[in-house]
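A.B. asks: need a 3D model of the following:
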Amino acid sequence: MQDTLLTIDGLSAGTEDKPILHDIHLELGSGQTHVLMGPNGAGKSTLGHVIMGDPSYQVTSGSITFDGADITDLTSDKRSLAGIFLSYQAPVEVPGVPLYSFLRTICQMRPELKTTARKFRERVGQICEQLELSDSFLMRELNVGFSGGEKKKVEMLQLLLLQPKLAILDETDSGLDVDALSIVSRGIEAYRAQCDGTLLVITHNTRILERLDVDRTHVMVRGHLVAEGDASLVGEIDASGFSRFEDELAAKGGVA
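C.D. replies: Next up, the predicted model:
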């Protein structure tokens, strides 16, 4: 029987003046790959941020259980230390903080990742080579002046270095050219092969999914999870879009 890593039970959340997520129920098994799809503005990214504990959003009902512990009220840093990773749709620039120092600091905060300076340099160098990311980026300020593709590679670098139990990838394919998408896809494949971690891939198109073995597909419309299925559901969405799901939700009176 598949162990459950993440359980979301009756979760509703939003900002101070706007409800966004409505009665979400979701389970992710250890080692599985789940896909969350839906049209723009459906609330997909919000769900990822709420799982990560982003203080911009407030949980108004329901709970989040991760690896057997209730994390509904935990801060994002504690969720990160517990093994949750969120790849942002638009990674922020952090002036004054070299990428290498940032990576070294976050690894030192994780007891299982602590190592000597030499072994750390070797490990980071190996991952940079794997992602075709020049090690000159390590001395640059975090994401400052990086292209969209370079920022996404840096996030894959963090993913492979931190080896989280759960990786939430929010629109990782957004704005990538074919070459960058291929490299990022290799990074995701390496994470699955090396860590056997759980993936939640948030996207509104299917490009990033072509090289992934998907266990479950979920569809979100207007903050509601409206459908769930196996990998074949991705193909249906690719062919027909989200109109059917939007119409079904409207027929049920499910408007945000």
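A.B. asks: pick out the residue nearest the middle of the protein.
C.D. replies: Residue closest to the mean C-alpha point of the chain, counted by CA atoms, centre = their mean, is Ile168 at 1.7 Å.
A.B. asks: my read: it touches Ile51, true?
C.D. replies: Yes: assessed by CB atoms under 8 Å, Ile168 is found in contact with Ile51 at 6.2 Å. No exception for glycine: its C-beta is placed from N, CA and C like everyone else's.
A.B. asks: hey, where'd the helices end up in the stretch 51-200 of the chain?
C.D. replies: Along the stretch 51-200 of the chain, the stretches classed as helices by DSSP state H, counting those that start in this stretch are 76-82, 99-108, 117-130, 148-162, 178-195.
A.B. asks: what about Leu176, how many residues close to it?
C.D. replies: Using other CB atoms under 10 Å, Leu176 has 21 neighbouring residues.
A.B. asks: so how far is Ile20 from it?
C.D. replies: According to CB to CB, to the nearest Å, Leu176 stands 26 Å off from Ile20.
A.B. asks: hey, C-alpha coordinates of the least confident helix or strand in the chain by mean pLDDT in CSV?
C.D. replies: Lowest on mean pLDDT, DSSP states H and E among the helices and strands of the chain sits helix 178-195, with a mean of 85. These are the backbone C-alpha positions of helix 178-195, laid out as CSV (Å, rounded to 0.1, in the frame of the first residue of the first chain):
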residue,chain,number,x,y,z
VAL,A,178,13.1,24.2,-26.1
ASP,A,179,16.7,23.8,-24.9
ALA,A,180,16.1,25.2,-21.4
LEU,A,181,13.0,23.0,-21.1
SER,A,182,15.0,19.9,-21.9
ILE,A,183,17.5,20.7,-19.3
VAL,A,184,14.9,21.4,-16.6
SER,A,185,13.1,18.2,-17.6
ARG,A,186,16.4,16.3,-17.0
GLY,A,187,16.7,17.9,-13.6
ILE,A,188,13.2,16.7,-12.7
GLU,A,189,14.0,13.2,-13.9
ALA,A,190,17.2,13.2,-11.9
TYR,A,191,15.3,14.2,-8.8
ARG,A,192,12.9,11.4,-9.2
ALA,A,193,15.7,8.9,-9.9
GLN,A,194,18.0,10.0,-7.1
CYS,A,195,15.6,11.0,-4.3
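A.B. asks: dump the residue contacts of Gln108.
C.D. replies: Contact analysis of Gln108 by CB atoms under 8 Å, 6 or more residues apart in numbering lists Lys114.
A.B. asks: ok so, going back, can the helices of the stretch 51-200 of the chain go into JSON lines with extra columns for distance to Val219?
C.D. replies: JSON lines is the format used below for those (distance: least, CB to CB, whole Å):
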{"stretch": "helix 76-82", "distance to Val219": "25"}
{"stretch": "helix 99-108", "distance to Val219": "33"}
{"stretch": "helix 117-130", "distance to Val219": "33"}
{"stretch": "helix 148-162", "distance to Val219": "24"}
{"stretch": "helix 178-195", "distance to Val219": "21"}
